[in-house]
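A.B. asks: sequence? don't have it. structure:
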């Protein structure tokens, strides 16, 4: 007698229990604390905060632990939690020119006021496995700078700006749209595109950025400036009549300088791409800047060459890894009904084809 | 301080607004049907049903237009306190409230665009009391036809148009743009 | 486990419910038109019913009796998971009987038992745009709906007939609503399409990832697209259910051994069970 496959409540509960056991791994190995993840898996924490759109290193660490290190799963946990939080107020725009910088480099000028700071980067490490870390990871303290308090670090692109060599970045007091609160509507303005990109999947945005470098929507990007550091976040309290600092966040900001050959209306000039992400997430910030620039073809009077990175609808519809992974993985769900309908159709079409072939013979 | 504006909201918003919404979607999907709608106690100028519609649907993202005599400081305060909804002009309202006469002229309201016909105003029409049927309705939501009261002609070129919620005391009915009306 | 106590009735916050409710009312007022809504991230993945769950959450009252089915069955894993979500977050009664339910959330089926006045069907929709596989751009398909320009769909169906002698769409078979909007009925088998026409129940469709809500009010004219010389046929496997003997229900085909053995059973498990009980 046939018994229907039942995925009852017990099966689900047992699967969850097994999952929890697998997450813990061998109990003989000490359990990982969220503080350890927060302090020692910082770049994973940063990615989860950036794509989860929630700045909270402790929760990001918890999500990574709960997700067994699957960062997209961790981002999903953070997004689902974020959605339930009330929106109490909006901060004033953070001033990245006033960032307390830990890393700041420019590929366009050898030196600039404020100087270049290499900071804690993998850039010039030789990618050799450090077997010493197998035993223990204690390190001597890094040397600290001899210079005094942080000096002013104006944005490097502002120097080009002064000469009119680069397009003006006109400030706007227009409230930016918010795709977490309103359905995506196309065409999107730049602020909305940037929001989508900063939440977008690092791998997807990286791939698109790379494609522009290889000629699919090429725009000759130089990293005008990449800076990483902390910025204060302030909110206006109308009752007090002034703004109050509510904390600091670490940000990565990338401004690219891109070639622009000019159009009928504009003389040749450099143009800009922009990336801003939570935490130290510079691969993402640079990728974002390249894709931002590629998406700006219309406003700059360039041609649409059909490159994926130029295609706003394509990029914005597919850059969110939580949407993508959900829909991709849903094909694991039962589809007996649709499949049965297809089976019947194929059988009847084939039967008709055989019948007409026989009739012809 | 005058306490009136801050009373008269939902005591248990999640459950009361759920029940109220079900009554509203029920009448919107069955034009001509009458239902009871209560939960709000708005200032005296507004019916219980209309007040309940506002508490159920309005928030900081919905512009409200108060037509004619309805526009009073007391009602503005009540709406601001309970919903945070901005009071707007007729041409950008999501919800417009008033008597049928006060709501005129109707060409002031948004009826949507061909690409986004949903971006149209909903008019909450205060009837005072439920009048006798004066029209016969057909269309989606109606089995065959139904007799109902319709306050007057609406500018409709489907899919564009205005959707009406008719309120009288604690009674509510609706007339979506999809309904065809034949006056008796 | 009791972490759910910290959440609002039916999980969603009141702002989100209001936003969805406003979209639902516009959807009802414009049958078959897809209303954009600011879908929220839910605690289950996109593609697993987040649209349906948000619509159900916005409609549920404490007095409801909820039925959740996936592939017609109440006991498939995702149906169990969604039903349990609402039991925990809304404390509503649940049922497996179609006749007893006030709200039925479904993935891929319409129950066999006739729907009734006062019931609400909530469909989970993966791709709400019926023209999407013919034209991937939202900007283009939106224009086509605006102009009621459905020539592309007609051409596709006609090419099917030229190649296969019939319309080669077995599920998610497009319908026209009240002679205006072409609508995706969600991936129900075309066998279920006639149940949408002139139904006494209110039908709501939620697509979370694609941020769309649409609706069929009761007694709405819903026609499956076809041609005069190739009329629509609501087909199913030409068998009776091997368990309850029903000849009019939609069937799942089940492979029973590796010798080509197979049986056919009702996809609607509640329907099949009630028929078995009636026979005893």
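C.D. replies: Yep, that arrived. Keep in mind that this is a model prediction, so the values were computed, not measured.
A.B. asks: Excluding sequence neighbours, find me the nearest residue to the residue of the stretch 101-250 of chain C found nearest chain A.
C.D. replies: Closest contact between the stretch 101-250 of chain C and chain A, by C-beta to the nearest C-beta, is at residue C:170 (3.5 Å). C-beta here means a position set from N, CA and C on the backbone, and glycine is covered the same way. Spatial nearest neighbour of residue C:170, chain neighbours left out: residue A:341 (3.5 Å); criterion: C-beta to C-beta, 6 or more residues apart in numbering or on different chains.
A.B. asks: Surely the one you found and residue C:172 touch.
C.D. replies: No: using C-beta atoms under 8 Å, residue A:341 makes no contact with residue C:172, being 9.2 Å away.
A.B. asks: Looking at the two, which is more packed in?
C.D. replies: residue A:341 (27 against 21; other C-beta atoms under 10 Å in any protein chain shown).
A.B. asks: ok, now which ones touch the more buried one?
C.D. replies: For residue A:341, the contacting residues are C:170-171, C:189-191, by C-beta atoms under 8 Å, 6 or more residues apart in numbering or on different chains.
A.B. asks: let's see 10 Å
C.D. replies: Residue A:341 makes contact with A:335, C:108, C:169-173, C:187-192, C:235-237, C:250 under the criterion C-beta atoms under 10 Å, 6 or more residues apart in numbering or on different chains.
A.B. asks: Give me the buried subset of those.
C.D. replies: Buried subset of the contacts of residue A:341 (neighbour count, 16 or more other C-beta atoms under 10 Å in any protein chain shown): A:335, C:108, C:169-173, C:187-192, C:235-237, C:250.
A.B. asks: gap between the two ends of stretch B:48-68?
C.D. replies: End-to-end distance for stretch B:48-68: 19 Å, by C-alpha to C-alpha, to the nearest Å.
A.B. asks: Centre of the chain to it, how far?
C.D. replies: Distance of stretch B:48-68 from the chain centroid (C-alpha atoms, centre = their mean, to the nearest Å) equals 8 Å.
A.B. asks: For chain B, which segments count as helices?
C.D. replies: Ranges of helices in chain B, per DSSP state H, are B:13-28, B:48-57, B:73-83, B:100-103.
A.B. asks: For chain A, find the nearest of these.
C.D. replies: For chain A, the closest of the helices of chain B is helix B:13-28, at 13.8 Å, according to C-beta to the nearest C-beta.
A.B. asks: That closest one vs chain A: in contact?
C.D. replies: No: legend: contact between helix B:13-28 and chain A by C-beta under 10 Å from any C-beta of the partner chain is lacking; minimum distance shown is 13.8 Å.
A.B. asks: Run through the residues that contact the closest residue in space to residue B:84 that isn't next to it in sequence.
C.D. replies: Nearest non-adjacent residue to residue B:84, counting by C-beta to C-beta, 6+ apart: residue B:60, 4.2 Å away. Contact analysis of residue B:60 by C-beta under 10 Å, 6+ apart lists B:83-86, C:15.
A.B. asks: again, only using 8 Å
C.D. replies: Counting by C-beta under 8 Å, 6+ apart, residue B:60 makes contact with B:83-86.
A.B. asks: Would you show me how to pick out the buried ones of those residues in ChimeraX?
C.D. replies: Here is the ChimeraX selection string for the buried members of the contacts of residue B:60, based on 16+ other C-beta under 10 Å:
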select /B:83,85,86
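A.B. asks: Taking the contacts of residue B:60 together, which two end up most distant?
C.D. replies: The span of these, defined through C-beta to C-beta, is set by B:83 and B:86 at 9.6 Å.
A.B. asks: what about the residue nearest to the spatial centre of chain C, which SS state?
C.D. replies: Closest to where the C-alpha atoms of chain C average out (C-alpha atoms, centre = their mean) is residue C:123, at 3.3 Å. Following DSSP: H, G, I helix; E, B strand; the rest coil, residue C:123 is assigned to strand.
A.B. asks: I figured it was touching residue C:52, is that so?
C.D. replies: Yes: using C-beta under 8 Å, residue C:123 makes contact with residue C:52 at a distance of 6.4 Å.
A.B. asks: Briefly note if the helix or strand where residue A:13 lies comes near chain C.
C.D. replies: Applying DSSP states H and E as the criterion places residue A:13 in helix A:9-24. Yes: if you take C-beta under 8 Å from any C-beta of the partner chain as the test, helix A:9-24 does meet chain C, through A:9, A:11-12.
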